[in-house]
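Enquirer: Provided below are the primary sequence and the corresponding predicted coordinates.
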Amino acid sequence: MSHLLRRTNRMLVSGAMFCSLALAGLSSTVSAADNSATIRITATVKAVCSLSAPPSVDLGDIPITAFDGLSAGGELTGYDKTFTIATSCSGTDKYVLTFTPTASSDGCMTADGGGMGFCLYDPSAKKIALTSTGANLEGSTASASQDIKVVPARSSKAPTAGDHAASMTVTIAPL
């Protein structure tokens, strides 16, 4: 029996050594496949633009009689004002300004009370047709500003005496 036990032990030791060598060979094959990796790193550099605009534009006093004879959408001449939107961009020389009024009618901003509107014109004297979704004006950084003219207009309701105001958001985006 001791002879049988020694022989079995030798077979076990030989088998264990063979398994160890086989595992070592397998292990080195696996780690050889994992000893390097290729990693691609990406980034997107985007152009940025900014603008500066006055917080308010005051058209001053307008006599209610100036609206006499004007129908809805009729504009008042002689009461307009121009304001400047200063623009700056890095990484591009073109941009788009988007004008989004809180309310609009006939292509102009509608004042809070509804009896008056404010129409906008671009530097080439073309009307900026405002809608509830906004209107776009493309520009170039070759001129660092856009002069926008505001012209008062009659809205669908007859104007009343008092203060009238309308608001819009102006955003800039690179092209």
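Expert: Here it is on my side, so go on.
Enquirer: ranges for the helices of this protein?
Expert: Ranges of helices within the chain are 2-33, based on DSSP state H.
Enquirer: In it, where is pLDDT below threshold?
Expert: Counting by pLDDT under 70, the chain contains low-confidence ranges at 1-32.
Enquirer: at 80 instead, please
Expert: The chain contains residues with pLDDT under 80 at 1-33, 142-143.
Enquirer: Contacts only, for the nearest residue to P123 once chain neighbours are set aside.
Expert: Distances taken as Cβ to Cβ, 6 or more residues apart in numbering put D147 closest to P123, at 5.1 Å, once the chain neighbours are dropped. Yep, even glycine has a C-beta here, placed from its N, CA and C like the rest. Shown in contact with D147 (Cβ atoms under 8 Å, 6 or more residues apart in numbering): T82, F83, T84, P123.
Enquirer: and if we set it to 7 Å?
Expert: By Cβ atoms under 7 Å, 6 or more residues apart in numbering, D147 lies in contact with T82, T84, P123.
Enquirer: ok, what's across the strand from it?
Expert: Note on D147: beta-bridge partners by DSSP bridges are T84.
Enquirer: which residue packs closest to T160, ignoring adjacent ones?
Expert: Nearest in space to T160, with sequence neighbours left out and distances taken as Cβ to Cβ, 6+ apart, is G115 at 5.3 Å.
Enquirer: next one: phi and psi at that neighbour?
Expert: G115 adopts backbone torsions of phi -90, psi 0, taken as degrees, to the nearest 10.
Enquirer: Make CSV out of the contacts of D147 and add distance to M109 and neighbour count.
Expert: Putting the contacts of D147 into CSV (distance: Cβ to Cβ, whole Å; neighbours: other Cβ atoms under 10 Å) gives the following:
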residue, distance to M109, neighbour count
T82, 16, 11
T84, 18, 14
P123, 19, 15
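Enquirer: Give me the buried positions along stretch 91-110.
Expert: For stretch 91-110, the neighbour count (16 or more other Cβ atoms under 10 Å) marks 95, 97, 99-101, 103-110 as buried.
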